[in-house]
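> A structural model of the following input is requested.
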Amino acid sequence: MKVSIILAVFALISSQTSATLNPNSKKSKQKNPQEIKMNSGPVDKSVFDRNLVDTEPIAAKIVAEANTYYKETNIKNFNGTVLGYVTPWNSHGYEVAKTFGKFSIISPVWLQILRKQDLKYEMAGTHDCDENWMRDVRNAGNKKIIPRVLFDHFTDRDFSKLLTYQEEINVVNKLIVETCKKYNFDGIVLEVWSQLAKRVDDQHLINLVRSIARALRQADLKFILVIPPSHRGPDLFNSQHFDLLWEDVDFFSLMTYDFSSYERPGANSPLYWMKNVVLHLCPTDIKEKREKILLGLNFYGYDFTPNGGEAVLGSAYLNLLKYYKGRLKYDEKDQEHYFEVKTNSGKHFVFYPTLYSIQLRIDLARELSTGLSIWEIGQGLDYFYDLL
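This next block holds a predicted model:
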């Protein structure tokens, strides 16, 4: 996309938010990072006691305090289920899972199911399984370790065979259960729905999910299904799907993030949209159904640039914040903070969670009686975990 088109989109979004982004402001011309002392490690007071959950957070204060956290790491402020994803490519998440005992479930992104031939499957990724780390995570107070599983390198023909023949599904069920037993997992998180929805008949996909879920339940293991949110495109997972599956599935990990894109820069996860997605799935306030939904929180943001931009993690976000002076802007409609700076590499238009925006979403989960799922804990700032 041409630079002029992207900048025009930036201008359009700016006109729709509560505060106007001024590309000619002194903030946008700031090119040299501030020298800010960055504190780190456990401290005697929580972010609440330090008055850091601010509607208008100051950039320098975020940079100074982001790597701190309250020393009482097992105190919980949210009573619902909390799932935290951990990925091998963001190793800090492994430390977070061992430090904070606030998670009901830790889901390391380790496993992939490979199809070798008819009635023969393998579980890849087990080389990442770390027994010592798992022991440390459980000792920290986190109750269950439930790794995510993907169907990897499957052709259309492979999926057709799997979905058509129950014998194939039974082999997969046995493989999953045996892997859980061998490595002392408490179940699996399955990410398949977005991969196959609208490509295959719904009933075949529902049968696959139910069959895996029931096989795990018979083995006293948990089953969590990753589901896409209703968005601008096709309605891949709706209330009918939810009603058909909720009794078999222990939890639904709802991906309520990535609302915006490089083509349409803006908020990561507007609060009104998150609420609408949950109500779309489960319009009736029945606690035993709602509490199975884990409202997705993104602990990453996006750095939009004239060249398109990229996802931005905690450390990169803090580096960009050093170029910005003053308080972050707040989008009243989407209820997220953002800022715009110009560095030596060009202009940046950044949306990233703050303590205040995360707290609003935790409050929404309480209001709707849902749990939380965080993608992913290696990408966030350490003081975020005081909120949980």
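> how far away is residue 241 from residue 248?
Distance of residue 241 to residue 248, given as CB to CB, to the nearest Å: 12 Å. (C-beta placed from N, C-alpha, C; glycine too.)
> Compare those two and say which is more crowded by neighbours.
The neighbour comparison of residue 241 against residue 248 (other CB atoms under 10 Å) goes to residue 241, with 21 against 17.
> does that one really touch residue 206, like I thought?
Yes. With contacts counted by CB atoms under 8 Å, residue 241 reaches residue 206, the gap being 7.2 Å.
> and stretch 142-154, which residues are buried?
142, 144-151, 154 (16 or more other CB atoms under 10 Å).
> what's it in contact with?
83, 85, 97, 100-115, 124, 129, 134, 137-138, 159, 162, 176, 184-192, 195, 222, 224, 226 (CB atoms under 8 Å, 6 or more residues apart in numbering).
> make it 7 Å
85, 97, 101, 103-115, 124, 134, 137, 176, 185-192, 195, 222, 224 (CB atoms under 7 Å, 6 or more residues apart in numbering).
> and what of stretch 55-74?
34, 36-46, 52, 99-101, 141, 318, 321-322, 324-328, 330, 337, 339, 354, 356, 381-383, 385-386.
> now the end-to-end length of that stretch.
Using CA to CA, to the nearest Å, one end of stretch 55-74 lies 26 Å from the other.
> Stretch 189-198 too?
End-to-end distance for stretch 189-198, by CA to CA: 21 Å.
> picking up where we left off before, if you look at the buried residues of stretch 142-154, which of them are in strands?
144-145, 148-151 (DSSP state E).
> The stretch 251-388 of the chain: strands as residue ranges?
251-254, 293-298, 301-304, 310-312, 329-331, 336-343, 346-351, 371-375 (DSSP state E, counting those that start in this stretch).
> With respect to residue 76, which of those strands lies nearest?
Distance to residue 76, taken as CB to CB, is lowest for strand 371-375 among the strands of the stretch 251-388 of the chain, at 11.6 Å.
> where in the stretch 201-350 of the chain is pLDDT low?
For the stretch 201-350 of the chain, the stretches with pLDDT under 70 are 232.
> mind listing what the nearest residue to residue 371 once chain neighbours are set aside touches?
Distances taken as CB to CB, 6 or more residues apart in numbering place residue 81 nearest to residue 371, at 3.4 Å, with adjacent residues excluded. Contact partners of residue 81, counting by CB under 7 Å, 6+ apart, are 104-105, 251, 294, 371.
> do that again at 10 Å, thanks
103-105, 143-144, 224, 250-251, 291-294, 365, 370-373 (CB atoms under 10 Å, 6 or more residues apart in numbering).
> Buried ones in whichever strand in the chain runs longest, by neighbour count?
When the chain is parsed with DSSP E, its longest strand is strand 105-117. Judged by neighbour count (16+ other CB under 10 Å), strand 105-117 contains these buried residues: 105-115.
> out of those residues, who's nearest residue 343?
residue 109 (31.3 Å).
> circling back: which of the contacts of residue 81 are buried, as a PyMOL select command?
Selecting the buried subset of the contacts of residue 81 in PyMOL, with 16+ other CB under 10 Å as the burial test, is done by:
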select buried, resi 103+104+105+144+224+250+251+291+292+293+294+365+370+371+372+373
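> Tell me where the stretch 1-150 of the chain has strands.
40-43, 67-70, 82-86, 105-117, 120-124, 144-145, 148-151.
> Just send those back as CSV, with distance to residue 360 and mean pLDDT too.
Formatted as CSV, the strands of the stretch 1-150 of the chain follow (distance: least, CB to CB, whole Å; pLDDT from 0 to 100):
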stretch, distance to residue 360, mean pLDDT
strand 40-43, 24, 97
strand 67-70, 20, 98
strand 82-86, 16, 98
strand 105-117, 23, 98
strand 120-124, 39, 98
strand 144-145, 27, 98
strand 148-151, 27, 98
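> mind checking which of those is nearest residue 272?
strand 82-86 (22.7 Å).
> and the closest one, which strands flank it?
Sheet partners assigned to strand 82-86 using DSSP bridges are listed as strand 105-117 (parallel), strand 371-375 (parallel).
> quick one on the thing from earlier: for residue 269, find the nearest of the strands of the stretch 1-150 of the chain.
For the strands of the stretch 1-150 of the chain, the distance to residue 269 is smallest for strand 82-86, at 15.4 Å, taking CB to CB.
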